[in-house]
Structure formats: structure tokens, C-alpha cells
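**Student:** test case, fold it:
(one chain, ligands or ions: 1)
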Amino acid sequence: MDQASSKLSPPSAPREFGFFVNGKSIPAGDRDIFERASPGHGVPVTRIPKCTPADLDAAVAAARAAFDDRRWSGLNGQARAAVLLKAGALIRERAEEIAYFETLENGKPISQARAEVGGCADMFEYASGLARSLHGDSFNNLGDGLFGIVTREPVGVVGLITPWNFPFLILCERVPYILASGCTIVAKPSEVTSATTLILAEILTEAGLPDGCMNVVTGSGSTIGQGLIEHVDVDMLSFTGSTAVGRRVVEAAGRTNFKKLGLELGGKNPQIVFADADLEDAADGVAFGIGFNTGQCCVSGSRLIVERSVADKFAQMVQDKFAKVRVGDPLDEATQVGAITTDAQNTTIMSYIEKGQAEGARLICGGEQLDMGRGQYIAPALFGDVTRDMAIAREEIFGPVLTIMPFDSVEEAIAIANDTVYGLAASVWTKNIDKALTVTRRVQAGRFWVNTTLAGGPELPLGGFKQSGWGREAGKYGVEEYTQIKSVHIEIGKRTPWIE
Ligand code: NAD
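**Tutor:** Numbers count the residues shown, from 1 in each chain. Here you go, the predicted structure:
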């Protein structure tokens, strides 16, 4: 890669990765290989082993042994924090390499990938403090004969399954918190974006994480993913991905060992714009909310719900923003919207754009496949005349497709916003504090933004209401998710006999 120019080049040959068990990278050997082509260029960029069920068993056994002998959970918080801090520093040192592979495999703009990697280092730094401050509770009000303590203990071996849209960011919103709690990990990244998860495993070993505490198995969801969710030696499973696969995770846990679950699933997130908003800010935020990461975010603001009196004017403002957004080569620093990550996702998005028109919605702009000579690109699409029953208004598209629905009252805006099975994220744009707070209180969403969108940081938890998932990641809540609570009852003094 040529770091001096403002436009990097794809590699001349794909990089070979091994999978990672017990502190070591294991080469593919005679296993099958998944060769990943960059969605922005169509050239092979990585070669990833397809692990076997025996590899999965070995990874779980390594994580089990590392947890059971307390080589990690038995360390004090200071020692665990030191490893996490060092990992944060190493992520910063290798930031350019991580961002490069993130862009190559995912198709996101390199400038965005760099910013995400910086945020990931920050996650490790923040979580290091939580390794030291995680604590329980005590009860000194149980009478003179009894004292109560509530301790938090790590759950154990955590299976971690991640999607392809933010391979490194979603990983780092979980791994440092899981490790801060004292748990050990078997991670299964998406088969199309495994590289940066494997780089993180190397970094953690270099940072001093004991062998066996971070293992990575690579391969398809239907084999290795399914094997992980069914594994009886896995105590907790953190799954981020589609609601359909999330359902399988719940079923598998019910059929096997009732492992504890964390689920972060899909979204169909409203952006509510009132006439009294700063419309220039709102138009920019709405365009960002659906254009960022080509709309392939679980929290993309895909439903614009706008006060009728400004609806036409606001649609024109969003259209003007879309016209200026720079869609192009993900390796070009100037690019704002990159490539669609997979062929399958490209087909899905294009089929929704057709379906919207067939259902009677009006395509105001965009929605066409852009010819960049190579790779797969879609111009952000804006749909008017959308009704609440249309598939484009109800189903998660996971692409740069924005629907507009007008409203006449605060009540109607809230009703439209909540008319979905999902409850992941929402934004409201208004300068009126009463409206802002009423909507914030009444719209069902795990993440809420007022006069902004897609903002966040390691302090604030992530997760959804309704069919968007269970539990929370990140923040102090994120560490607590990976703990079990134990109530300890301590008798003081001589026992009052039951049998005299
Ligand atoms: P996906 O559900 O197809 O895959 C996610 C992960 O699950 C991948 O690693 C995949 O290999 C694995 N998987 C697939 N089948 C499996 C099975 N039977 N058993 C176990 N694992 C299996 O999702 P995707 O296409 O990678 O990502 C897009 C989806 O993820 C969208 O629906 C999006 O909303 C959701 N998502 C949610 C969040 C969130 O935080 N809520 C974040 C990112 C993505």
C-alpha cells in the first residue's frame, strides 16, 4: 500500500491469514480457504481458512481451560487493565494496517475506517478502567446476625458472533468489556470480513493476554456459527447480526445449555423532523444517517418522518445533499460513501428499490447502480409517497434507501416511529424542548439522538428494544452483562439453633 498518496491501492496479492487458538495463529494447512475479493475493486484481498468442527472444539476447549484455571479471571483488575491499555496502544500503532484491511474487505471509505479504528483503541482504554472499577454491593441492614454481599463474577466462556458491516468496531464494542469482566472468548467473525478480528487476536497476545483467552474461528455461519451457538461448553453467546439468525441463537440456547444471551439485531430507525428544527442541520444529519456506511448500519436512520408543512422543502434539501455526496473508491480519502459489501446485499438493496416502485412509492432520486468501472455502488435513494404498509417502510433494507412519511401532530409522529417490530435507534430534530423530550420518552429505541444522529462513545451503552435484541453492550452496562451475580449471606456470631 502506498501511504503517501491520498489514494491507496489494493494489494497485488491477497494476504494469507491463519485462525487463532490458544495464543497462536494456525495456518490453513489442508483446510478449504475462503478468498475474499474487495467489493470496491473486485480483486482478491484476503485468504481465510474455513475451520472444521474439530477446530471449533479446540478453540472452545482452549477458552474453557483458560477460564477454569483462572489465569485471567484470577488476576487483579490492575493487571487486566494493563493488558487492555497495552492493546489500545498497539491498535493505535497498527491503525493504518487495520483500517486498510477493514476497507478492503468491507468496502467502507478509508477515512471512515481510520476514524473507527481510533474509536476502537478508545474502547480498550475506557474498558481498562472498568476492569478496575467493576464491583458488587453490600447489605449492612440485615440485622446484627447477618451480613450480605453481592459479588459479580465473570460468566465464563463467551462465544462472540459478529457481522460484516462494522467488523472491527462491533468487535471492539464487545471484546474489551468481555475481557474486563474476566471472561474468555471464542470469536466467529463474518466469513467475508474476518481479517481485522484475526489481527486483534495477534494484538491481544502481544499485549500480554494469556493464551487461550482470545480465540478466533473462521468459517461460515451455518457450520462454525451454528456449532458455536449450540456448544455446551460456551456459557454465554453475544450475537450481533440479523433478527432471523438471532432467532436461531435463541432456539439453539433453548435446545442445549440455556447459555446466557446478548443479542444485537436489526433496526428500521426513524428520523423525526419537526418544522421548527434547524432544517439545514437536520437535512445534513438525515443524509449522513442513511448514507454513512452505505446505509449498512443497524442504526441507519432509514425512515424520515417529517412535519407535513415542511415535507416538500425538506425532501428537496435532502435530495440536494444526496447530489453532493461523494460515492466512490473506498481507498480514496475523499470518498464519503463506498461500495456495497456483498453481492447478495447489493441484490437485496436493488430488489427493494424495484419493490418500492412496484408498490407505488415515488423514487425521487438515486437508487441506480453506479458504474465505477469495477466494484458495486448504489446512489443513495430517496422515496416519497410512502405508506406505512409498504415493504420499504417496514423491512430492514440495510442499504442507502430513505423513505419519507409526513405527519401532522406529535402523536402521529410517535405512532409512525413506533409502528415497527424493531426498536434499535431513533433521532428527533426540533428546537422545542417539550417536543424533543416527549418524543425521546415515547419512542421505543435503545439509542436516541436529539438534533444529531449516529453519535456515540465507549461510555454509552448500545442495544435495542423489541425485536432489536436483548441486553446492552459497552459502557459500564457492557461489562456487567458479562457477569453473574452471586448473593453471599454471612452469619455473624453464634447461630440460633433450629434443633434445640
Ligand atoms: P447475519 O445474521 O447474516 O450474520 C451475522 C453473523 O452470524 C455472521 O458472522 C454469520 O456468519 C453468522 N451466522 C449466520 N448464520 C448463522 C447461524 N445459523 N448460526 C450462527 N451464526 C450464524 O447478518 P449480516 O448479514 O452479517 O449483518 C447484517 C445484519 O446484522 C443486519 O440485520 C443488521 O441490522 C444486523 N446488525 C445489527 C447490529 C446491532 O448492533 N444491532 C450491528 C450490526 C449489524
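**Student:** need the residues of the stretch 251-400 of the chain near the ligand, please.
**Tutor:** 264-267, 298, 396, 398 (C-beta under 6 Å from any ligand atom). Backbone N, C-alpha and C define where each C-beta goes, glycine included.
**Student:** mind doing that once more with 8 Å?
**Tutor:** 252, 264-267, 296-299, 342, 345, 396, 398 (C-beta under 8 Å from any ligand atom).
**Student:** as TSV, the residues you listed with secondary structure, neighbour count and pLDDT would be great.
**Tutor:** Output for these, formatted as TSV (DSSP: H, G, I helix; E, B strand; the rest coil; neighbours: other C-beta atoms under 10 Å; pLDDT from 0 to 100):
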residue	secondary structure	neighbour count	pLDDT
Ala252	helix	21	98
Glu264	strand	27	97
Leu265	coil	26	97
Gly266	coil	22	95
Gly267	coil	29	97
Gln296	coil	24	96
Cys297	coil	20	96
Cys298	coil	27	96
Val299	coil	24	97
Thr342	coil	19	95
Gln345	helix	22	96
Glu396	coil	22	97
Phe398	coil	25	97
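**Student:** list phi and psi for Asp343.
**Tutor:** Note on Asp343: backbone dihedrals following degrees, to the nearest 10 are phi -60, psi -40.
**Student:** residue contacts, it?
**Tutor:** For Asp343, the contact set (C-beta atoms under 8 Å, 6 or more residues apart in numbering) comprises Gln376.
**Student:** contacts for the host helix or strand of Leu402?
**Tutor:** Assigned by DSSP states H and E, Leu402 belongs to strand 401-407. With contact meaning C-beta under 8 Å, 6+ apart, strand 401-407 is reached by 272, 286, 290, 295, 301-308, 311, 315, 318, 349, 352-353, 356, 361, 364, 367, 380-384, 386-388, 390, 392-393, 413, 416.
**Student:** what is the neighbour count of Ile397?
**Tutor:** Residues contacting Ile397 under the criterion other C-beta atoms under 10 Å number 25.
**Student:** next one: it, what pLDDT does it get?
**Tutor:** We have a pLDDT of 97 for Ile397.
**Student:** again, but for Gln3
**Tutor:** We note a pLDDT of 46 for Gln3 in this prediction.
**Student:** what is the neighbour count of Lys86?
**Tutor:** For Lys86, the neighbour count with other C-beta under 10 Å is 18.
**Student:** again, but for Glu480
**Tutor:** Applying other C-beta under 10 Å, we find 17 residues neighbouring Glu480.
**Student:** residues contacting the nearest residue to it once chain neighbours are set aside?
**Tutor:** Using C-beta to C-beta, 6 or more residues apart in numbering and skipping the chain neighbours, the partner closest in space to Glu480 is Arg152 (6.9 Å). Contact partners of Arg152, counting by C-beta under 8 Å, 6+ apart, are 134-136, 181, 480, 483-486.
**Student:** pick the one among the residues of the stretch 251-400 of the chain next to the ligand closest to Gly475.
**Tutor:** The closest of those to Gly475 turns out to be Glu264 (C-beta to C-beta; 13.7 Å).
**Student:** ok, and the closest non-adjacent residue to that closest one?
**Tutor:** Thr240 (4.3 Å).
**Student:** isn't that neighbour right up against Asn165?
**Tutor:** No. If you go by C-beta atoms under 8 Å, Thr240 and Asn165 don't touch, sitting 9.2 Å apart.
**Student:** returning to what we had before: need the phi and psi values for the residue nearest to Glu264.
**Tutor:** The phi/psi pair for Thr240 (degrees, to the nearest 10) reads phi -120, psi 120.
**Student:** what about it, how many residues nearby?
**Tutor:** 25.
**Student:** which residues does it contact?
**Tutor:** 161-163, 170, 174, 263-265, 298.
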